[in-house]
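J.: Here is the input, now give the coordinates:
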Amino acid sequence: NAGVTRPILLTSPLPPQDVTTAAGAGLTASISDLAGLARWREAAETTGGLDFHVEVDTGMGRAGFDWRETSQWAPVLSSGSSRAKWTGIYTHMHSADAADAMATETQWQRFQDSLAQLPVSREDLMVHAANSATALRWPGYAADAVRPGIFLYGGRVTDPSFGEGVPDPAAVASVRARVVLVRDVPPGGTLGYGATHVARGWERWATLAIGYGDGLPRVLGNRGCALLHGRRVPIVGRISMDMTVVDITGAPNVSAGDVATLIGRDGDQCITVDEVAQQAGTISYEILTGLTPRLPRIEQDTHAEN
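T.: Now for the predicted structure:
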C-alpha cells in the first residue's frame, strides 16, 4: 500500500517495556487492549504523534479486541488524544491453509460485522486480514493490504493435495555450510554420538561446519540430506552441536572448503524448507525461526544471476 510510511509493529498486546523503544523508532503499534492504548497515547504526547492499528479477535484467540464487543471498545479508541492516531484495523485468519474455507469465511464475516460498528469512517482506516495463505487462496479477502509471511521466505501456504492453483514459492532462504574435513572410512567404522551409523563398506564422509547449535534440527540425523556439487548426499549419524556429517561416497570431487547446501538450490537440485520441516516433523516456520544468530545472514541479489 503506497500510503504506508512506517513499519507496523505487529506485537499485540504491546508490552510496557517495549513502548518507549517502539515510539522512539516511530513505529505504528498494534493495539490489542485498552491498557496498551493508554500507554501508546502517553508515549504519543512526548513524541509529537504516533499511529496505531487495532487488532480484532475473530477467532484466533491469542490477542485482539473481541469482535462481539466492538460497540464497547471502538468508541474509546476513537476518542481521546489526537496525537495517537488510529490509522488501521485488522484480524488474523487461523485456518486459511485448511481444505475447508468455512472457518475463514466465518472469520471474515465477523470482521465485517465489527467494521460496520466502528464510529470512524472506513475510508480513514487501512483494513487488512490476509496472511500468505489467505492472500493466495482467497484474494477476495485482500481488503486494503495483505500480510504475506512464510511465502516470502519460500514456504508453502497449503498442502499440495488441496492447494490447486496456488503457486509454488521460490527458494528464497538458503542455509549453507562449508566442508571442513573429508575422510575415507573402512567397513564397520562408526559415526556420531551413539554410533548410530556404521559403514557397510568403504565409505567417504564429509564433515560440515554446522550443527544443532546453528539451528539445524538434530532429528535430521540419518534422515535429512544436503547438496554438494548439485547432488544429494545423506546426513549420516547424529547431528552434533557444531558438526554434521554427510556420506559423499557417490559424490566425486568433494574437498575441504566446498559449500554444502542444507536448504536451498544447488544446480538442478533444491531442498525446500518444507521438505526439511517434513523430515523434522514440524512446520517451515519453526525451521526458519530456529536458525540461530551463529549463522551469518548474507543478503544476495538473485536478479543479478539472471
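J.: Show the contacting residues for the closest residue to Phe111 other than its chain neighbours.
T.: The shortest distance from Phe111 to any non-neighbouring residue, by CB to CB, 6 or more residues apart in numbering, is to Thr91 (4.7 Å). Glycine gets a C-beta too; all of them are placed from N, C-alpha and C. By CB atoms under 8 Å, 6 or more residues apart in numbering, the contact set of Thr91 is Glu55, Val56, Asp57, Thr58, Met60, Gly64, Trp67, Gln107, Arg110, Phe111, Ser114, Ala129.
J.: now what about the longest strand along the chain, what contacts it?
T.: In the chain, taking DSSP state E as the definition, the longest strand is strand 175-185. Residues external to strand 175-185 that are found in contact with it (CB under 8 Å, 6+ apart): 191, 199, 202-210, 214, 216, 228, 243-244, 248, 254-264, 291, 295.
J.: Could you do stretch 233-248 as well?
T.: 177, 180, 182, 191-197, 203-214, 216-218, 220-228, 250-251, 254, 260, 262.
J.: Apply 7 Å and report the result again.
T.: For stretch 233-248, contacts defined as CB atoms under 7 Å, 6 or more residues apart in numbering pick out 191-194, 196-197, 203-213, 216, 218, 220-226, 228, 251, 254, 260.
J.: mind checking the end-to-end distance for that stretch?
T.: This stretch, stretch 233-248, spans 6 Å end to end (CA to CA, to the nearest Å).
J.: Mind listing what's buried along it?
T.: For stretch 233-248, burial by neighbour count (16 or more other CB atoms under 10 Å) applies to 233-240, 243-248.
J.: what do you get for stretch 282-296?
T.: Ile283, Ser284, Ile287, Leu288.
J.: The last one and Gly211: what is the separation?
T.: This points to Leu288. 17 Å (CB to CB, to the nearest Å).
J.: now swap in the third one and tell me
T.: If you measure Ile287 against Gly211 using CB to CB, the figure is 15 Å.
J.: just Glu299 next, same as before
T.: Distance of Glu299 to Gly211, given as CB to CB: 24 Å.
J.: check contacts around the nearest residue to Asn253 once chain neighbours are set aside.
T.: Once flanking residues are discounted, Asn253 sits nearest to His229: 6.6 Å by CB to CB, 6+ apart. Going by CB under 7 Å, 6+ apart, His229 touches Ala251, Asn253, Val254.
J.: Same check on Pro75?
T.: Pro119.
J.: what's the model's confidence in the longest strand of the chain, averaged?
T.: For strand 175-185, the mean per-residue pLDDT is 98.
J.: quick one: low-confidence ranges for the protein?
T.: Residue ranges of the chain with pLDDT under 70: 1-15, 160-164, 302-306.
J.: go again using 50 as the cut-off
T.: 1-7, 9-10, 304-306 (pLDDT under 50).
J.: Could I get the full set of helices for it?
T.: In the chain, the helices defined using DSSP state H lie at 16-24, 34-47, 70-78, 102-116, 132-137, 273-280, 284-289.
J.: could I get these as a markdown table with distance to Ala173?
T.: Converted to a markdown table, these look like this (distance: least, CB to CB, whole Å):
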| stretch | distance to Ala173 |
| --- | --- |
| helix 16-24 | 26 |
| helix 34-47 | 32 |
| helix 70-78 | 37 |
| helix 102-116 | 27 |
| helix 132-137 | 14 |
| helix 273-280 | 6 |
| helix 284-289 | 6 |
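J.: do you know which of those helices lies nearest Ser95?
T.: helix 102-116 (4.0 Å; CB to CB).
J.: Does anything pack onto the closest one? Which helices or strands?
T.: strand 126-130 (3 or more CB pairs under 7 Å, 6 or more residues apart in numbering; DSSP states H and E).
J.: is Cys270 in a bridge, and if so with what?
T.: Applying DSSP bridges to Cys270 yields these beta-bridge partners: Arg265.
J.: Count the residues that sit near it.
T.: Applying other CB atoms under 10 Å, we find 16 residues neighbouring Cys270.
J.: cool, and Leu77?
T.: 19.
J.: Surely it is in contact with Val54?
T.: Yes. Under the criterion of CB atoms under 7 Å, Leu77 makes contact with Val54 at 6.1 Å.
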